[in-house]
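>>> Take a look and give me a structure for this.
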Amino acid sequence: MLNTPHIVRDVMTKTVAAVDRGARFKEVVETMEEWKVSALPVLAGEDRVVGVVSEADLLPKEEFRESDPGRLEQLRQVDDVRRAEAVTAGELMTSPALTVRADATLSQAARMMARESVKRLPVVDGHGVLRGIVSRADLLKVFLRSDEDLAEEVRRDIVGTLFAAPTRDLRVTVADGVVTLSGRVRDTSLVPVIARLVRSVEGVVDVEFDVTGAVSARAEPPAAGRQI
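Modelled structure (predicted):
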């Protein structure tokens, strides 16, 4: 699937705001404001990512401004108390940083964001050097692909190549990202296989079938013991 962006490198932002671990508290706030971001990678050495500092890491400074936390509160909020006293990015940051490689698939990056409840990930190379940043919005860029582009990829890389013989009478149309395959399929046992392949195309929202011999208009794999 030659035209499909499969990996993080294809959608990441390469120009990234970052701070070194010695950056002072005010510099961190000013950098966030200048770049309109809510988190910054923290770098050490030759641009190696060693942590991430976010707005949440900065807020304890304001939270505990008017009163000192009691002993019980200190035990419950040990990290927040530590950050309230911090003055550099290295003291404020969350470490080790949660990062992703540039050659990771978009689905891998999406699962990592969902699992860790983060909105963006620093992108690093094999040495941990910062190469970019990828956000939730970046991962959604694939859904901006045109219907014509999606239809061409499905025709060329799935229908026209992998299933040329049994699906030569299969027509492909796309509307709002939903792929519809209609016509004749000689071997209807291939319907679930084709469905999985079409859904793997970046930017496809869903897939439907209207084919001679198919049991259902929806492209769902058959239940155990079900014959199609």
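
>>> Tell me which residues touch residue 27, please.
By Cβ atoms under 8 Å, 6 or more residues apart in numbering, the residues touching residue 27 are 19, 89. All C-beta atoms are positioned from the backbone trio N, CA, C, and that covers glycine.

>>> Just the C-alphas of the strand or helix carrying it, formatted as CSV.
Assigned by DSSP states H and E, residue 27 belongs to helix 25-35. C-alpha atoms of helix 25-35 as CSV (Å, rounded to 0.1, in the frame of the first residue of the first chain):
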residue,chain,number,x,y,z
PHE,A,25,10.9,27.6,35.8
LYS,A,26,10.0,30.9,34.1
GLU,A,27,11.8,30.0,30.9
VAL,A,28,9.7,26.8,30.7
VAL,A,29,6.5,28.8,31.2
GLU,A,30,7.6,31.4,28.6
THR,A,31,8.5,28.7,26.1
MET,A,32,5.1,27.0,26.5
GLU,A,33,3.3,30.3,26.0
GLU,A,34,5.4,31.2,22.9
TRP,A,35,4.8,27.9,21.2
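
>>> ok, and the closest non-adjacent residue to the residue sitting nearest the centre point of the chain?
In the chain, the residue lying closest to the centroid (Cα atoms, centre = their mean) is residue 110, at 3.3 Å. Computed as Cβ to Cβ, 6 or more residues apart in numbering, the closest residue to residue 110 that is not its neighbour in sequence is residue 139, at 5.4 Å.

>>> And the pLDDT for that neighbour?
Looking at residue 139, its pLDDT reads 93.

>>> got the contact list for the host helix or strand of it?
When elements are assigned from DSSP H and E, residue 139 belongs to helix 136-139. With contact meaning Cβ under 8 Å, 6+ apart, helix 136-139 is reached by 11-13, 106, 109-110, 113, 119-120.

>>> So which of those residues belong to helices?
Among these, the members falling in helices (DSSP state H) are 106, 109-110, 113.

>>> Which among those residues count as buried?
By neighbour count, with 16 or more other Cβ atoms under 10 Å, the ones in helices among the contacts of helix 136-139 hold 106, 109, 113 as buried.

>>> from those residues, which single one is nearest residue 146?
Closest to residue 146 out of these is residue 106 (18.3 Å), distances taken as Cβ to Cβ.

>>> Could you tell me how far that closest one is located from residue 197?
The gap separating residue 106 from residue 197 is 17 Å, by Cβ to Cβ, to the nearest Å.

>>> what sits against residue 19?
Residue 19 neighbours (Cβ under 8 Å, 6+ apart): 27-28, 31, 40-43, 53, 89.

>>> mind checking the backbone torsions on the residue nearest to it when sequence neighbours are not counted?
Nearest residue to residue 19 in three dimensions, chain neighbours excluded: residue 89, at 4.9 Å (Cβ to Cβ, 6+ apart). With angles defined as degrees, to the nearest 10, residue 89 sits at phi -60, psi -40.
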